[in-house]
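Trainee: A predicted structure for the sequence below; I have some questions about it.
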Amino acid sequence: MENLYQDTMKDLYQDIIEKDSKYVFQNYTRQPIAITSGQGALVRDSQGKEYIDCVAGIAVNNIGHCHPAIVEAVSRQVSELIHVSNLYYTHQQAELAARFVPRTGMDRVFFCNSGTEAVEGALKLARRATGRTDFVAAEHSFHGRTMGALSVTHKPQYREPFQPLIQKVEFVPYSNVEALKGAVNNDTAALILEPIQGEGGIRVPEEGYLQAAKDICEDAGALLIFDEVQTGMGRTGKWFAREHSGVVPDIMTTAKAMAGGLPMGALLAREETASKMQKGDHAATFGGGPLLCAAALASLKVIEDEGLVDRSARMGRYLIEKLEGLELEAVREIRGKGLMVGMELAVKCGPVVDYARENGVLLNCTSDSVLRFVPPLVITPTQIDRVVDVVAQGIERAE
Ligand SMILES: *Cc1c(COP(=O)(O)O)cnc(C)c1O
């Protein structure tokens, strides 16, 4: 029976591969498994194999997979009202704005559907509010893949095939105050920064950098944008990573974990900047729809009720301590805040990712040599212990 069951499931995987390779754009490099279900910090593949998920849909599933509160809220909303457009008011959107905005340090919100879309809105707002055109961004930055967001994304392989992009963008070394001084000037609409870089390899800036960035922008009459698409919603042990520095930007973006796994993003701004957005300047058909807002409301409530922001800080410290305790030669550096942790290796991390997956742990690799740990914030110490054991074995093999 056991064998028969496994064979049937293997056929399902084969079927998926055949259809994908024939009909889907081949722009993704995928891991060789198909995921069929998830619960908390665990997911299961088409062969019934279980994994501890340290990818979490790339920092999306902060409250865990299929949290009962999201399942309930979405199920209820889906039978009441799914979509109506922003030609009308809905109480779900107003309620979400009222609960969410005070958490952010900003004054107003525009709802959209993804991180890149939030960044597009931020760039448009910066031009609108300042009447200037230029942007400054950081090396190793990642802000998204649409034309505007791509223009401020550093990686040349992502950008160059699609030039010309928006002009003019200057890239400066991250966490380097001197470099900002020359670059941010009277033509700069905004400086855009991730308060901790995600895709660029979990880089935490030096103390004082974000405050200096704020001061330099103010002197030049430029706006400061914090891209908290990945760092938001408790990921770094605070609601937003900017809180570690106390700096309040003019504009902020967030997305990934906002609606518990459903697609939602937000562009936020201080009143002075938000008020420059005129009627008709910007819009999104699906933005802030009732179904998405119901999911985001449920997700916010779970983060509050279960104390997931503090838990992220605690579990993050525990994970970093355990990783540091390994004292492996192939480990260059361990860095991060809360449950956004990177482990830079002296070896390629691909084989470690493969070994971990084969042994029931999902991880991914950013900028070639950095293992990224962004598990659901509900991950348990026992699960972290298992993750660290498997990673240690994987690295020992790769050495
Ligand atoms: C993921 C990410 C984006 C892009 O978000 P999408 O939803 O994939 O468009 C933008 N900025 C940061 C910092 C991100 O991590």
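Mentor: All right, it came through fine.
Trainee: Could you use CA atoms for every contact and neighbour count after this?
Mentor: OK.
Trainee: Assign residue 75 to helix, strand or coil.
Mentor: Under the three-state scheme (DSSP: H, G, I helix; E, B strand; the rest coil), residue 75 adopts helix.
Trainee: ok, it - how many residues close by?
Mentor: Neighbour count for residue 75, taken as other Cα atoms under 10 Å: 14.
Trainee: and what of residue 19?
Mentor: 10.
Trainee: same check, this time on residue 313
Mentor: For residue 313, using other Cα under 10 Å, the count is 21.
Trainee: wait, isn't it in contact with residue 338?
Mentor: Yes - the criterion here is Cα atoms under 8 Å, and residue 313 meets it with residue 338 at 4.1 Å.
Trainee: Report the set of residues contacting both of those two.
Mentor: Counting by Cα atoms under 8 Å, 6 or more residues apart in numbering, the common neighbours of residue 313 and residue 338 are 236-238.
Trainee: Closest one to residue 170 out of those, please.
Mentor: Nearest to residue 170 among the shared contacts of residue 313 and residue 338, counting by Cα to Cα, is residue 236 at 27.7 Å.
Trainee: neighbours around the closest one, how many?
Mentor: 28.
Trainee: what does residue 211 give?
Mentor: Quick note: residue 211 (other Cα under 10 Å) scores 17 neighbours.
Trainee: That one should be in a strand, yeah?
Mentor: No - with three-state DSSP as the criterion, residue 211 is assigned helix and is not in a strand.
Trainee: Hmm, it is touching residue 242, no?
Mentor: No - Residue 211 sits out of contact with residue 242 when judged by Cα under 8 Å, with a separation of 10.0 Å.
Trainee: sorry, back to before: nearest to the ligand, of the shared contacts of residue 313 and residue 338?
Mentor: residue 236 (12.9 Å; Cα to the nearest ligand atom).
Trainee: CA-only coordinates of the helix or strand residue 111 falls within in CSV, if you can.
Mentor: Using DSSP states H and E, residue 111 sits in strand 108-112. What follows is strand 108-112, C-alpha atoms only, in CSV (Å, rounded to 0.1, in the frame of the first residue of the first chain):
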residue,chain,number,x,y,z
ARG,A,108,-2.0,57.9,5.2
VAL,A,109,-2.1,54.8,3.1
PHE,A,110,-2.8,53.8,-0.5
PHE,A,111,-3.5,50.1,-0.9
CYS,A,112,-2.0,48.1,-3.9
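Trainee: now it: mean pLDDT?
Mentor: Strand 108-112 shows a mean pLDDT of 98.
Trainee: Residues touching it, excluding its own?
Mentor: Here strand 108-112 has contacts from 97, 101, 118, 264-271, 274, 284, 286-288, using Cα under 8 Å, 6+ apart.
Trainee: switch to 7 Å and redo it
Mentor: 97, 101, 118, 264-271, 274, 284, 287-288 (Cα atoms under 7 Å, 6 or more residues apart in numbering).
Trainee: and it with the ligand, contact?
Mentor: No - Strand 108-112 lies out of reach of the ligand by Cα under 6 Å from any ligand atom, never closer than 10.0 Å.
Trainee: Indicate whether the very next helix or strand once past that strand makes contact with the ligand.
Mentor: Counting by DSSP H and E, the next helix or strand C-terminal to strand 108-112 is helix 115-130. Yes - if you take Cα under 6 Å from any ligand atom as the test, helix 115-130 does meet the ligand, through 115-116.
Trainee: please renumber so the chain begins at 18
Mentor: Yep, numbering from 18; the last one is helix 132-147 now.
Trainee: now helix 132-147 and strand 125-129, what's the angle there?
Mentor: In terms of direction (axes from the mean of the first three to the mean of the last three Cα atoms, to 10 degrees), helix 132-147 departs from strand 125-129 by 140 degrees.
Trainee: Tell me which helix or strand the residue most central in space within the chain sits in.
Mentor: Nearest residue to the geometric centre of the chain (Cα atoms, centre = their mean): residue 247, 2.2 Å. Following DSSP H and E, one finds residue 247 outside all helices and strands.
Trainee: Give me the mean pLDDT for the strand or helix carrying residue 32.
Mentor: Element membership for residue 32, per DSSP H and E: helix 19-40. Helix 19-40 shows an average pLDDT of 78 in the prediction.
Trainee: And for residue 57, the neighbour number?
Mentor: The number of residues near residue 57, taken as other Cα under 10 Å, comes to 22.
Trainee: That one: what's it in contact with?
Mentor: Contacts of residue 57 by Cα under 7 Å, 6+ apart are 81-84, 395.
Trainee: Would you mind reformatting those (as TSV) and adding columns for pLDDT while you're at it?
Mentor: Below are these laid out as TSV (pLDDT from 0 to 100):
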residue	pLDDT
81	98
82	98
83	98
84	98
395	98
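Trainee: Return the subset of the contacts of strand 125-129 lying in helices.
Mentor: 114, 118, 135, 288, 291 (DSSP state H).
Trainee: JSON lines for those residues, including neighbour count?
Mentor: Converted to JSON lines, the ones in helices among the contacts of strand 125-129 look like this (neighbours: other Cα atoms under 10 Å):
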{"residue": "114", "neighbour count": "20"}
{"residue": "118", "neighbour count": "16"}
{"residue": "135", "neighbour count": "27"}
{"residue": "288", "neighbour count": "14"}
{"residue": "291", "neighbour count": "22"}
